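Visitor: What shape does this take:
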Amino acid sequence: MRKYVNLAINNNCKPAKMKDRLKAAFFIIFIFFGLPSQSQDVDNEWIKVYFNMPSDTTLMLEGNKSNHSWDLISTLTDLIDSAKTSVDLSAYDLEHMQVGDALANAKARGVQVRVVTDNYNRTDGGELDLLMWTRLAVAGIYSIDDDGDVYRPDGTIEDNKLVNAGADMHHKFAVIDYKSEDKNDAYVWAGSTNVTYTGAYNTNNTMVFKHADIAKVFTEEFEQMWGSSGPLPNPQKARFHKDKRNVSQNIFDVGGTKVELYFAPLDRDKTKPSISDRIVEVVKTETDNDIRFLSFAITPTIDISQAMWNKSEDKSIRLEGVIDPSFYSRYKKAGDIWGSPEATMDNRLILPGKEMRKLHHKLILIDASNEDPDDVAVVITGSYNFSNNAEFNNDENLFIIYSNEIANQYYQDFGGVQSRALGKTYAPTPPFDENEWHNVYTVRDGATFEVEIGPGFGYPVRLLGVSVPGLYAGPDSSFYYATQADAYVRNLIEGRRVKITDYDGGTPYASNNTFYGYVTIETESGEISLNQLMLQNGYGTTNNNFKQHPDSVAAFREYSTSARTSKTGIWEDPDKIWTRVPKQTTSSGIAVEFPININEADQETLQHLPGIGPAYAKRIIEYREQIRGFTSIEELINVKGIGEKRLEKIRPLVSVD
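Guide: Sure thing, here's the model as predicted:
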């Protein structure tokens with residue numbers, strides 16, 4: 001008892017609060033939660049955290065450099081490869097074949113492998129999903145999803161319909177070797193990282209815990225969804241979402257660090273601990289100096305948001321945050337607190353992210369920059385998005401960690417994200433081989449297309465030495481001639497492969513999350529230069545941006561002069577080049593304003609979105625009528641056939657107002 005009470009004081013109770021909270025600590029810890037188990041080897045317990053984007057290491061405590069720029073998928077596969085007895089994986093979207101191979105290899109070694117997934121994401125990835133489930137089936141691995149459907153090794157599917165299957169099984173965790181006779185063999189992998197190809201490019205974090213009791217409660221959570229404690233799932237007893245009970249323990253001592261762990265959603269009787277209520281309480285009672293957050297989504301009206309905002313009404317409390325731009329723009333348009341003028345005034349600084357892809361963190365830091373060593377900082381993170389869906393519907397997990405060292409590592413990561421949001425530094429470019437042919441992922445317009453870096457991930461490309469009128473010249477305008485350029489480029493490169501190089505033949509130059517390069521198109525009759533064709537046919541003008549090869553500069557000038565002399569393309573009326581117009585006409589002759597308002601667009605207009613043909617356009621309209629209008633772009637994912645990957649392609653080109 002004495003040891004844990006001292007721990008609670010050191011890791012949770014700041015000196016100024018100790019007298020008021022000492023007596024309460026005894027009763028809360030003992031009566032409501034019980035004492036943390038000391039059955040495992042305390043000296044062999046630890047927490048390690050990893051980040052996949054560059055951190056600001058100038059913020060580190062001495063000797064406490066963060067594990068940044070890390071391959072987060074390998075943190076999982078390394079554990080699976082080390083498994084001796086058991087692997088339990090709960091994955092919102094299981095797609096990355098590196099993980100599939102690791103699971104299959106573990107099964108071949110005699111390891112018990114069990115997999116729980118989200119029903120909707122089971123088939124959303126098309127060919128990628130087919131590859132994954134075929135790989136697991138051949139390996140003899142069973143899996144179950146939150147609809148109760150069981151995928152058997154013989155390729156058959158037992159179809160079930162569980163209650164509340166419309167919610168998300170949003171976990172991303174794995175328990176390694178909890179089935180070992182020695183519980184000290186157990187590890188837990190958790191965090192914000194989806195087990196997908198895009199998860200490696202989104203800005204994420206993972207945590208690895210070596211702790212038997214944390215592994216125990218994750219196993220309890222898993223086996224509720226699995227429906228049994230054995231090797232085969234039992235859909236008749238499987239429980240997801242609101243039908244799950246609370247696990248047996250919520251507070252832990254991990255080698256001297258206090259950790260709280262909670263699972264969402266609230267149950268139907270609301271007897272489980274509320275994650276939202278607990279976060280609000282921690283924000284109110286633990287904040288002395290600063291609050292920082294990184295979030296994919298953070299609903300402005302929920303209690304968590306209001307608690308942080310209200311706490312920062314005290315000007316001595318610093319409030320900083322970075323939000324994924326897809327959600328930040330929505331908050332800004334709506335005039336919500338996170339997008340309001342007050343969010344960037346005085347002691348507040350809330351910004352949209354500028355990451356390689358999505359800012360996918362779900363993180364709150366408390367007092368991370370307080371220099372008082374006795375003021376223990378707090379990390380709040382997991383799979384739990386800060387939203388009502390996470391609280392009331394989805395399967396989620398959340399950790400609250402009391403540790404200056406771990407908080408400092410998250411603070412370094414926060415510093416990197418904030419630096420990029422401020423434009424002081426830039427997101428790293430994804431790995432790219434200039435000697436390889438790459439699929440064209442999508443065409444935004446004549447000025448920009450995306451090349452497929454990995455499954456589901458397109459990275460923007462613009463032409464080195466060429467300026468092309470684009471469909472987006474501002475919220476309500478396009479550049480003149482943008483439609484003609486758009487139609488020409490689409491006809492040239494859609495469905496083809498390209499090579500992209502810098503001026504010297506090396507990796508293309510990257511700026512503001514965009515490649516600038518010389519683009520070669522692979523065609524049936526040979527290789528052709530897109531840069532050259534755009535100038536020769538009068539769909540662009542030359543520019544001197546970035547370093548270029550002298551021979552290319554001279555040749556590009558000659559192509560452009562020839563097109564201008566013959567009044568080809570945009571040179572037919574030079575006075576209109578780079579002028580702005582409210583609308584542009586697409587290649588089919590339909591007047592379309594970008595972004596397209598999905599609450600007003602007709603079927604033919606919707607077909608100008610990438611990946612949206614007549615059938616999808618009709619479904620969008622039918623669903624729109626059913627729900628009486630979209631309230632958010634994300635609602636498109638409820639339209640049959642529009643999954644996360646298709647939504648990613650069209651999100652920048654649509655609006656709901």
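Visitor: Confirm residue 105 sits in a strand?
Guide: No. Counting by DSSP: H, G, I helix; E, B strand; the rest coil, one finds residue 105 to be helix, located in no strand.
Visitor: Just the buried residues of the lengthiest helix in the chain, please?
Guide: The single longest helix within the chain, with elements called by DSSP state H, is helix 404-421. Across helix 404-421, burial judged by 16 or more other C-beta atoms under 10 Å covers 404, 406-421. No exception for glycine: its C-beta is placed from N, CA and C like everyone else's.
Visitor: pLDDT on it, on average?
Guide: On average, the pLDDT along helix 404-421 is 98.
Visitor: Show me what that helix is packed against.
Guide: strand 46-51, strand 290-295, strand 318-323, strand 348-352, strand 362-366, strand 378-382 (3 or more C-beta pairs under 8 Å, 6 or more residues apart in numbering; DSSP states H and E).
Visitor: Following the chain onward from that helix, which element is next?
Guide: Next helix or strand after helix 404-421 toward the C-terminus (DSSP states H and E): strand 438-443.
Visitor: Now do the end-to-end distance for stretch 629-645.
Guide: End-to-end distance of stretch 629-645 (C-alpha to C-alpha, to the nearest Å): 22 Å.
Visitor: Run through who's touching that stretch.
Guide: For stretch 629-645, contacts defined as C-beta atoms under 8 Å, 6 or more residues apart in numbering pick out 93, 120-121, 124-125, 326, 330, 456, 598-599, 615-616, 619-620, 623-624, 627, 647, 650-651, 654-656.
Visitor: what do you get for stretch 521-538?
Guide: By C-beta under 8 Å, 6+ apart, stretch 521-538 touches 437, 446, 463-466, 468, 485, 488-489, 492-493, 496-499, 518-520, 539-542, 552, 555-556, 559-560, 562-564, 566-572.
Visitor: Tell me the buried residues within these.
Guide: Buried subset of those (neighbour count, 16+ other C-beta under 10 Å): 446, 463-466, 468, 485, 488-489, 492-493, 497-499, 518-520, 539-542, 552, 555-556, 559-560, 563-564, 569-571.
Visitor: Can you flag which of the residues you listed belong to helices?
Guide: Per DSSP H, these map to helices at 485, 488, 489, 492, 493, 552, 555, 556, 559, 560, 563, 564.
Visitor: From the chain's centroid, how far away is stretch 422-441?
Guide: Offset of stretch 422-441 from its chain centre (C-alpha atoms, centre = their mean, to the nearest Å): 18 Å.
Visitor: again but with stretch 297-313, I slipped
Guide: With C-alpha atoms, centre = their mean, you get 21 Å for stretch 297-313.
Visitor: Tell me, how many residues neighbour residue 350?
Guide: Residue 350 is flanked by 23 other residues according to other C-beta atoms under 10 Å.
Visitor: hey, what's it bridged with?
Guide: Beta-bridge partners of residue 350, counted by DSSP bridges, are residue 321.
Visitor: Then residue 189?
Guide: Applying DSSP bridges, one finds that residue 189 bridges with residue 174, residue 208.
Visitor: quick one: contacts for residue 305?
Guide: Contacts of residue 305 by C-beta under 8 Å, 6+ apart are 298, 299, 337, 338, 386.
Visitor: farthest pair in those residues?
Guide: By the measure C-beta to C-beta, 337 and 386 form the most distant pair in the contacts of residue 305, at 12.8 Å.
Visitor: Would you mind telling me which of the two has the busier surroundings?
Guide: Counting neighbours by other C-beta under 10 Å for residue 337 and for residue 386 shows that residue 386 has the greater number, 26 against 18.
Visitor: right, and that one touches residue 303 too?
Guide: No. Contact between residue 386 and residue 303 fails when scored by C-beta atoms under 8 Å: they sit 9.9 Å apart.
Visitor: Would you state the strands of the stretch 201-350 of the chain in chain order?
Guide: Along the stretch 201-350 of the chain, the stretches classed as strands by DSSP state E, counting those that start in this stretch are 205-210, 251-254, 257-264, 290-295, 318-323, 348-352.
Visitor: Give the pairing partners of the third one; include direction for each.
Guide: It refers to strand 257-264. strand 251-254 (antiparallel), strand 396-402 (antiparallel).
Visitor: Taking strand 205-210 as reference, get the angle to that strand.
Guide: Per axes from the mean of the first three to the mean of the last three C-alpha atoms, to 10 degrees, the angle that strand 257-264 makes with strand 205-210 is 110 degrees.
Visitor: can you list the residues that contact stretch 562-577?
Guide: 469, 480, 481, 484, 485, 535, 536, 537, 538, 539, 540, 541.
Visitor: Alright, calling it a day.
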